[in-house]
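**Q** my questions concern the predicted model and sequence given below.
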Amino acid sequence: MDASALEQWYALYGYAVHRRCVRLLQSEAEADDALHEVFLRAWRYAHTLRDGQPLPWLYRIADRHCMDLLSRRARHVSTEEGKVPPSGEAVAPETPEQMYLFGQVLAACKERVRDTAVLYYLDELTQEEVAEHLGCSRKTVKERLAQFKEVALRLLSGGRPQRGTG
């Protein structure tokens, strides 16, 4: 990839990637830094783009980078107890506190579960759309979302699942 191609991607996709980082990190300043890191990694790993569609690929880079940042942040702050939604259902995070807890749960999940949860809860895709995006069945998406909810309930109920358990 040459510099002009990277500049074109930045012009086309920079805003969308930045908004995604803001949504995940709940911080404009951290999102600014994350955006630069995402495009630096895109430059470095351009040879790994397989399907020719840069935006989903850039989103995956952003998701992983932001999850790493949230995971590091989570190591420094303990989880508040009693944050499980009353119904026991996982809900899309809206407030900074919910987003923080969502990040902690994501950090405790395996990558495939994380990717599924981000597409479903943050991108608000249907289970069918998530399945199509990930190249798996709807049943697999449903199972991964159940794993995500299980990790969330364990973590938010005071448990400490190991990274990659869900």
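**A** It's in. Numbers count the residues shown, from 1 in each chain.
**Q** what is the least confident helix or strand in the protein?
**A** Of all the helices and strands that make up the chain, helix 96-107 has the lowest average by mean pLDDT, DSSP states H and E, namely a mean of 78.
**Q** so which bits of that helix are buried?
**A** Residues 99-107 are the ones in helix 96-107 that count as buried (16 or more other C-beta atoms under 10 Å). Heads up, the C-betas are built off the backbone N, CA and C, glycines and all.
**Q** give me the phi and psi for the residue nearest the centre of the chain.
**A** Nearest to the geometric centre of the chain sits residue 63, at 4.1 Å (C-alpha atoms, centre = their mean). Note on residue 63: its backbone torsions stand at phi -60, psi -50 [degrees, to the nearest 10].
**Q** state the pLDDT value of the residue nearest to it when sequence neighbours are not counted.
**A** Distances taken as C-beta to C-beta, 6 or more residues apart in numbering place residue 118 nearest to residue 63, at 5.3 Å, with adjacent residues excluded. If you check residue 118, the pLDDT there is 86.
**Q** burial count for residue 118?
**A** 25 (other C-beta atoms under 10 Å).
**Q** ok, it touching residue 60?
**A** No. Between residue 118 and residue 60 there is no contact under C-beta atoms under 8 Å: 9.1 Å.
**Q** tell me the contacts of the residue nearest to the centre of the chain?
**A** Residues counted as contacts of residue 63 (C-beta atoms under 8 Å, 6 or more residues apart in numbering) are 20, 24, 114-115, 118.
**Q** ok, back up a step: so which elements touch the least confident helix or strand of the chain?
**A** helix 3-25, helix 54-76, helix 111-117, helix 138-156 (3 or more C-beta pairs under 8 Å, 6 or more residues apart in numbering; DSSP states H and E).
**Q** sort out which residues of the shortest one are buried, please.
**A** What it means is helix 111-117. 113-117.
**Q** which strands and helices sit next to that helix?
**A** helix 54-76, helix 96-107, helix 127-134, helix 138-156.
**Q** figure out how far it is from the centre of its chain.
**A** Distance of helix 111-117 from the chain centroid (C-alpha atoms, centre = their mean, to the nearest Å) equals 8 Å.
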